[in-house]
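Participant: The sequence and its predicted three-dimensional model are supplied below.
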Amino acid sequence: MSAAITCRNLRVSRDRTPILHGVDLTVPAGSWVSLVGPNGSGKTTLMFALAGLIGSTGHVEIEGMTPRGVGRRRLARTVAMMPQRPVVPEGVTAHELIALGRTPHIPRFGTESASDVVVVDTIIHRLDLHDLAGRIATTLSGGELQRVVLARALAQQPRVLLLDEPTSALDIGHQQQVLDLVDELRRETGLTVVAAMHDLTSAAQYGERLALLADGRVVADGPPGEVLTAERIAQVYGARVEVVTRADGPAVLPLRGAAGAAPGPLDGAGPA
Ligand SMILES: Nc1ncnc2c1ncn2[C@@H]1O[C@H](COP(=O)(O)OP(=O)(O)OP(=O)(O)O)[C@@H](O)[C@H]1O
C-alpha cells in the first residue's frame, strides 16, 4: 500500500520554542491512524504542520505533494483539517459554513455548480444535519457546531482528512455516528484519516494504528494492542488504568485512586 503521508524528522518551533523534535510518521493510503498523547504533547501542532498551515523543517509529503511546495487551493483539494477550535464567521448559517468546504473546488470568480450543491446536500443528509442547516452557526451548541465543522471538512472531498479531537463535544451516540461515518467514507472512497483523540478506547477501535506522542516526539507507533499497555499509559499520562482486551481492540478503563479504594475520613460523616 502506498503512503498517503510521510514525514521524516519533522521539527516545529513556535515563538522560538521547539515543539516537535523530529517526528517520523508514515500513514498508508486509505488507513486510519489515531494520534494520542497527553495535553500539550504536540498532536495539534503535528496536524497543522501536515496541513501546511504552520512552518516546519524536515520532510513532509502528502499524496506526493510537499505542503509548502503547492498552492493553498491545490492542497485544500487533497487535505482537509477539522480544527479543535474552529473560527466561525458571524452571521453565517450552518449550511453556508458547510458549503465553504467546496471553495477549493470552485474556480476563481466562479459560482458553485450543481455537483457542489449535491455534495453539500449529501453530507448534510449523512450527518443528519437538516434541522440545523438554517441556523446561524454561532448559535449552535458545541456538539452541534462540531458536527457542522466536520461536514465542512467532508464537503471538501479530501483524500486525506486530519481530525483534531473530532468528538470531544459529542454525546456517546453522536460520537459513534461521526466516527462510523468517517470510517464508512474511508472504506468507500479510500480516504486516509489521521485523528487526534483523547478517548483511548475509541482511538483503538477506529485506528488501525496508534501513534503516541509525548513531549513532541513519537514514543510508540503500532497496532493499538501493542501501544496501549497499562505500564505505558502510567508512564506517559501518569494515569492508573486497566487495559481490557476485546475483539474490537483494547478498552482502557480508568481506575479510581487510593482515595476511592477504601472509605475516606469524610465517607459516612455528616447528616444522612
Ligand atoms: N504559538 C505557540 N507559542 C508557544 N507555544 C505553543 C504555541 N502553540 C502551541 N504551543 C505549545 O506547544 C505544545 C504542543 O501544543 P499542541 O496544541 O500541539 O498539543 P496537543 O497535543 O494538541 O494538546 P491538547 O491535547 O491539549 O490539545 C504545548 O505545550 C503548547 O502550549
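Facilitator: In hand now; what should we look at?

Participant: what's the average pLDDT for the top helix by length along the chain?
Facilitator: Counting residues, the longest helix found in the chain (DSSP state H) is helix 172-189. Mean per-residue pLDDT for helix 172-189: 92.

Participant: Over to stretch 113-127?
Facilitator: 91.

Participant: got a list of what Met81 touches?
Facilitator: Met47, Phe48, Ala51, Leu53, Ala153, Leu162, Leu163, Asp164 (CB atoms under 8 Å, 6 or more residues apart in numbering). All C-beta spots, glycine's among them, are computed from the backbone N, C-alpha and C.

Participant: Pairing partners for the helix or strand hosting it, with directions?
Facilitator: Applying DSSP states H and E as the criterion places Met81 in strand 79-82. Using DSSP bridges, the strands paired with strand 79-82 are strand 160-164 (parallel).

Participant: got the angle for the strand it pairs with vs helix 172-189?
Facilitator: 160 degrees (axes from the mean of the first three to the mean of the last three CA atoms, to 10 degrees).

Participant: show me the contacts for the nearest residue to Ser2 once chain neighbours are set aside.
Facilitator: Nearest residue to Ser2, sequence neighbours excluded (CB to CB, 6 or more residues apart in numbering): Ala29, at 5.1 Å. By CB under 8 Å, 6+ apart, the contact list for Ala29 reads Met1, Ser2, Ala3, Ala4, Glu63, Arg159, Gly190, Thr192.

Participant: from those residues, which has minimum pLDDT?
Facilitator: In terms of pLDDT, the lowest of the contacts of Ala29 is Met1, showing 63.

Participant: as a whole number, average confidence for stretch 16-30?
Facilitator: Stretch 16-30 comes out at a mean pLDDT of 96.

Participant: Next: stretch 205-214.
Facilitator: Mean predicted lDDT for stretch 205-214 stands at 97.

Participant: Also stretch 228-247?
Facilitator: Here the average pLDDT along stretch 228-247 is 95.

Participant: what's the closest of the contacts of Met81 to Ser34?
Facilitator: The shortest approach to Ser34 among the contacts of Met81 belongs to Leu163, at 9.4 Å (CB to CB).

Participant: The closest residue to that closest one other than its chain neighbours pairs with what?
Facilitator: Leaving out its chain neighbours, the residue that sits closest to Leu163 by CB to CB, 6+ apart is Ala195, at 4.1 Å. Per DSSP bridges, the residues bridged to Ala195 are Ser34, Leu163.

Participant: mind listing what Ala195 touches?
Facilitator: Contacts of Ala195 (CB under 8 Å, 6+ apart): Trp32, Val33, Ser34, Leu35, Leu162, Leu163, Asp164, Pro166, Val182, Ala203, Tyr206, Gly207.

Participant: hmm, try it at 7 Å
Facilitator: Trp32, Ser34, Leu35, Leu163, Pro166 (CB atoms under 7 Å, 6 or more residues apart in numbering).

Participant: just checking, the fourth one touches Pro83?
Facilitator: The reference is to Leu163. No. Leu163 is beyond contact range of Pro83, at 9.3 Å (criterion: CB atoms under 7 Å).

Participant: of those two, who's got more company?
Facilitator: Leu163 (26 against 17; other CB atoms under 10 Å).

Participant: where exactly do the strands run in this structure?
Facilitator: 3-14, 17-28, 32-36, 57-62, 79-82, 160-164, 192-196, 209-214, 217-222, 241-246, 249-254 (DSSP state E).

Participant: so what strands line up beside the last one?
Facilitator: Right, the one you point to is strand 249-254. Next to strand 249-254 in the sheet, as set by DSSP bridges, lie strand 241-246 (antiparallel).

Participant: Go ahead and name everything in contact with the strand it pairs with.
Facilitator: Gly225, Leu228, Thr229, Ala230, Ile233, Pro250, Ala251, Val252, Leu253, Pro254, Leu255.

Participant: 6 Å instead, please
Facilitator: With contact meaning CB atoms under 6 Å, 6 or more residues apart in numbering, strand 241-246 is reached by Leu228, Ala230, Ile233, Pro250, Ala251, Val252, Leu253, Pro254, Leu255.

Participant: With neighbour count as extra columns, can I get the residues you listed in JSON lines?
Facilitator: Shown next, in JSON lines, are those (neighbours: other CB atoms under 10 Å):
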{"residue": "Leu228", "neighbour count": "25"}
{"residue": "Ala230", "neighbour count": "16"}
{"residue": "Ile233", "neighbour count": "21"}
{"residue": "Pro250", "neighbour count": "22"}
{"residue": "Ala251", "neighbour count": "17"}
{"residue": "Val252", "neighbour count": "21"}
{"residue": "Leu253", "neighbour count": "12"}
{"residue": "Pro254", "neighbour count": "11"}
{"residue": "Leu255", "neighbour count": "11"}
